[in-house]
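Visitor: Pasting a predicted model and its sequence here:
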Amino acid sequence: MTTSPPSSNVYILPQPLAVVAPARAARRRLPLRLRVIAWWWRLRLTAREVADALRRFGRPKPRAGVDELALAVEAEVLVSRPRAAGPALIIDFAAAVERRRSRR
């Protein structure tokens with residue numbers, strides 16, 4: 001550190017030495033190992049999903065303790081509901097508030 005004249009409070013620091021730290025050798029096996037592990041898990045999950053889909057042939061998995069006849073009746077009721085005769089009504093919220101106030 002160099003000092004300037006006593007009347008100044010400015011100090012000039014010397015430049016740091018240009019020392020380059022040796023780079024640590026990268027382990028090449030770790031990224032390859034991680035890629036292989038990720039590939040293996042993707043392969044397992046894909047194989048399990050494909051096997052499950054082929055086993056079911058598109059049908060949902062049967063739920064334990066569910067009566068198939070009850071599900072068929074429920075599905076028939078849902079399908080046989082009458083559809084709306086026209087387009088959906090547009091609700092005017094301001095008019096709805098007024099109708100509600102007039103009912104009281």
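Guide: Nice, thanks for sending it over. What you see is a predicted model; the values in this text were computed from it and never measured.
Visitor: for the protein, which helix is longest?
Guide: Looking across the chain with DSSP state H, the single longest helix is helix 29-56.
Visitor: what number of residues lie near residue 33?
Guide: Using other C-beta atoms under 10 Å, the number of residues around residue 33 comes to 11. Just so you know, the C-beta spots here come from the backbone N, C-alpha and C atoms, and that holds for glycine as well.
Visitor: If I look at it, what pLDDT would I see?
Guide: pLDDT for residue 33: 87.
Visitor: Check residue 39 too.
Guide: For residue 39, the predicted pLDDT is 93.
Visitor: Over to residue 103?
Guide: Listed pLDDT for residue 103 reads 79.
Visitor: Next one: it relative to residue 97, how far apart?
Guide: 11 Å (C-beta to C-beta, to the nearest Å).
Visitor: any weak-confidence spans in the chain?
Guide: Applying pLDDT under 70 to the chain flags the ranges 1-6, 26-28, 58-66, 81, 83-84, 88.
Visitor: where along it do the strands fall?
Guide: Taking DSSP state E to define them, one finds no strands in the chain.
Visitor: by contact count, what packs against the longest helix of the chain?
Guide: Judged by 3 or more C-beta pairs under 8 Å, 6 or more residues apart in numbering; DSSP states H and E, helix 29-56 is in contact with no other helix or strand.
Visitor: What are the buried residues along it?
Guide: Counting neighbours by 16 or more other C-beta atoms under 10 Å, one finds that helix 29-56 has no buried residues.
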